[in-house]
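Asker: Sequence and predicted structure are below.
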Amino acid sequence: MNELLLYLVVRISIALLSPTYSFPDETWQGPEIAHRDVFGYGWLTWEWTSDSPLRSPVYPSFFSLFFYIIKNLNLDYGYVVAIGPRILQGALSAIYDYYLVRLLNLEGVKSSITIVLVNYTLWYSLEFFSKTLINTFETALFTFALYNWIKHLELEKMMTNKYLSLDKGKSNDYRNERFNYYCRLFMILNVLSRQSAIIPWVFIWPFHLLTAQTNLQGKIKILIVNVITLMILLSTSIIIDLLYFKKFTSTFYNFLEFNLLSGQSAFFGVKEPTWFIFKGIPYVCLGWIIFFILGIYHDIQLKIYKGKSLRFLYYMLFTITILSLSAHKEDRFLLPLIPLIIYFICLGIEYINKFNLPKLKFFLIAIAIISNIGFVICLNTFQNVGALKTMSILRNRDVSSVYFFIQCHQTPFYSFLHKNIPMEFPDCSPTDDITKLESYQLQQDPAKYIKKKLEKSNPSHIVINNYLINSDVEKLIQDYHMIETVYHQYWIDTYFEDQYNVEFVIYELNK
């Protein structure tokens, strides 16, 4: 219990203190949807308004429950609404930390201290596990499911090898099935939340079916349980989609069709098939990459010698292979593999202990920690640090309407402002013609785009990127006065050229 309390303190502290807003999905695919469902206003992105919606309402409901409670207790103050989802995610990540240690101990990592050290010095774990990313939620549920699955396999192995007496075997048979069912429950909840969470299980369960040390009757039982699990998953998904979207649709299929079958995800950027292996994982690990590689080697060496399965390596390679089939790739898609990455890093540390070279070990670990912690400090100082501050400034002023002349989704929205007022930003929904995107038009000719919008209405406040301001734009906003300039990021990639030292400039309409 003291251990879990420590994890809670760490994760919630990071949630409260982190100034970064790294990915739009932190709010636009979670708290923003929940805010609309509970408070009646919020912005729905194209994934929700499309004729074939891609997103399931299960993940936002995690925050909807919180919003519902504080609304009915009249505690829905702006700051509570804004920071509450992060605290919830931080608490879930603390439980993830707790089960991560037990999972890796179960799989053979000897030192719990090593697991905690790597987990709390890996920059990706520090930066994103207190953020309301669905990928973080997915990682936690995958870890819970995998822990119960490994417990199930270990008990199954013990009973198969007749390590237990008949009476104890009956008792442990119940325990074994309990872990199996817990695993499937977490897996179903995970896939209902994010469809791609099914990927590792597409390998894990058939692999178990093929390698299980049981007779034909036992394999048939395994197959039946797998089929029933899949039927429950698909039927529940369809029912939830029908109730939420008020029409017959399958977000499970729509997500698969958009991201893999049709290749439409290429709109968001295309990377080479080997990107995850040669760029994604090294980026996630930084200085820990040496131990990660050593850990894979040690795992292969150890498991082959002892005649054990290289299951974690198989799980990871299969997942990366399937993810690589999609044209669009992002480093955050690797988040569910973080437990496996940490596992191999820990094995790498144990492997280097065999050579009795304490100075080399200390040097390599110091490089790993300094590179990761240093990167986190840089991110929290120079990159994506202005969005939350900008919205906090607006929340604390007399705001009646806002237009954001910035790249789309660069800030949170109603779920952070918590004011039912008109707000707009340049649209960037997928299209075959990029020149039709409002976000493209803003970058191409800021004055022309801003003039068109201000002719329709004069919002009480304007937020605009500093690199878009020129003499023509200044004439258009002469009825406004600047109230604050907020540094946001060192570098940003736009449609036309890279921009450096990007700021949000906040203007207020003259009274």
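Answerer: The structure has been received and is ready for your questions. Predicted, not measured: the structure shown is a model, and the values here were computed from it.
Asker: before we move on, what SS does the residue lying closest to Lys271 once chain neighbours are set aside have?
Answerer: Distance criterion C-beta to C-beta, 6 or more residues apart in numbering; nearest residue to Lys271, sequence neighbours excluded, is Lys329 at 4.3 Å. The way it works is simple: take the backbone N, C-alpha and C, and place the C-beta from them, glycine included. Recorded secondary structure, Lys329: coil (DSSP: H, G, I helix; E, B strand; the rest coil).
Asker: and after the lowest-mean-pLDDT helix or strand in the chain, which helix or strand comes next?
Answerer: One helix or strand of the chain scores below all others by mean pLDDT, DSSP states H and E: helix 166-193, with a mean of 80. Sequence order places helix 199-211 as the next helix or strand after helix 166-193, per DSSP states H and E.
Asker: tell me what that following helix is packed against?
Answerer: helix 134-160, helix 216-245, helix 311-323 (3 or more C-beta pairs under 8 Å, 6 or more residues apart in numbering; DSSP states H and E).
Asker: out of the ones you listed, deepest packed?
Answerer: For the helices and strands packed on helix 199-211, the largest average neighbour count (mean count of other C-beta atoms under 10 Å) is found in helix 134-160, namely a mean of 22.
Asker: ok, which stretches of the stretch 1-150 of the chain are helices?
Answerer: Counting by DSSP state H, counting those that start in this stretch, the stretch 1-150 of the chain has helices at residues 2-17, 25-28, 31-39, 46-49, 58-72, 78-107, 112-119, 123-128, 134-160.
Asker: residue closest to the middle of this protein?
Answerer: Asn135 (2.3 Å; C-alpha atoms, centre = their mean).
Asker: Count the neighbours of the residue lying closest to it once chain neighbours are set aside for me.
Answerer: In space, and not counting its chain neighbours, Asn135 is closest to Leu335: 4.1 Å by C-beta to C-beta, 6+ apart. Neighbouring residues of Leu335 were enumerated by other C-beta atoms under 10 Å; the total is 24.
Asker: Contact partners for Leu335?
Answerer: Taking C-beta atoms under 8 Å, 6 or more residues apart in numbering, we find Leu335 in contact with 124, 128, 133, 135-136, 138-139.
Asker: in a helix, that's where it is, yeah?
Answerer: Yes. The assignment for Leu335 by three-state DSSP puts it in a helix.
Asker: What's the separation between it and Phe344?
Answerer: Separation of Leu335 from Phe344 (C-beta to C-beta, to the nearest Å): 16 Å.
Asker: now swap in Ser309 and tell me
Answerer: Taken as C-beta to C-beta, the span from Ser309 to Phe344 is 15 Å.
Asker: what about the two, which has more around it?
Answerer: The residue with more neighbours, out of Ser309 and Phe344, is Phe344; 25 against 12, by other C-beta under 10 Å.
Asker: And the strands in the stretch 301-450 of the chain, which stretches?
Answerer: Applying DSSP state E, counting those that start in this stretch to the stretch 301-450 of the chain gives strands spanning 402-405, 423-424.
Asker: neighbouring contacts of the shortest one?
Answerer: Strand 423-424 is contacted from outside by 43, 401-404, 413-414, 417, 453, 459, using C-beta under 8 Å, 6+ apart.
Asker: next one: stretch 441-456
Answerer: 403, 405, 407, 424, 426, 435, 438, 464, 468-470, 472-473, 476-477, 494-496.
Asker: which among those residues end up buried?
Answerer: Neighbour-count burial (16 or more other C-beta atoms under 10 Å) applied to those gives 403, 405, 407, 424, 426, 438, 464, 468-469, 473, 476-477, 494.
Asker: Tell me which entries of the residues you listed lie within helices.
Answerer: The helices, defined by DSSP state H, take in 438, 473, 476 from those.
Asker: what's the closest of the residues you listed to Gln89?
Answerer: Checking these against Gln89 by C-beta to C-beta gives Glu438 as the nearest, at 30.7 Å.
Asker: got a pLDDT number for that closest one?
Answerer: On the pLDDT scale, Glu438 is placed at 96.
Asker: Now do the same contact list for the closest residue to it other than its chain neighbours.
Answerer: Leaving aside its chain neighbours, Glu438 sits nearest to Pro426 (3.8 Å; criterion: C-beta to C-beta, 6+ apart). If you count contacts by C-beta under 8 Å, 6+ apart, Pro426 has them with 404-408, 437-439, 441-442, 449.
Asker: Ok, Gly269 next?
Answerer: 328-329.
Asker: mind checking how far it is from Glu330?
Answerer: 8 Å.
Asker: before we move on, what about Ile370?
Answerer: The separation that Ile370 has from Glu330, given C-beta to C-beta, amounts to 26 Å.
Asker: Show me which of those two is the more surrounded one.
Answerer: Under the criterion of other C-beta under 10 Å, the comparison of Ile370 against Glu330 puts Glu330 first, with 17 against 13.
Asker: quick one, phi psi at that one?
Answerer: phi -130, psi 150 (degrees, to the nearest 10).
Asker: Next: Asn420.
Answerer: Torsion angles, degrees, to the nearest 10, at Asn420: phi -90, psi 80.
Asker: which residue sits closest to it, ignoring its sequence neighbours?
Answerer: In space, Asn420 is closest to Tyr41, 4.8 Å off (C-beta to C-beta, 6+ apart).
Asker: Please apply the same query to Ile406.
Answerer: Asn465 (5.0 Å).
Asker: so the one you found touches Thr411, yeah?
Answerer: No. The criterion here is C-beta atoms under 8 Å, and Asn465 misses it with Thr411 at 11.2 Å.
Asker: More neighbours: which of the two?
Answerer: Using other C-beta under 10 Å as the criterion, Asn465 and Thr411 rank with Thr411 on top: 25 against 22.
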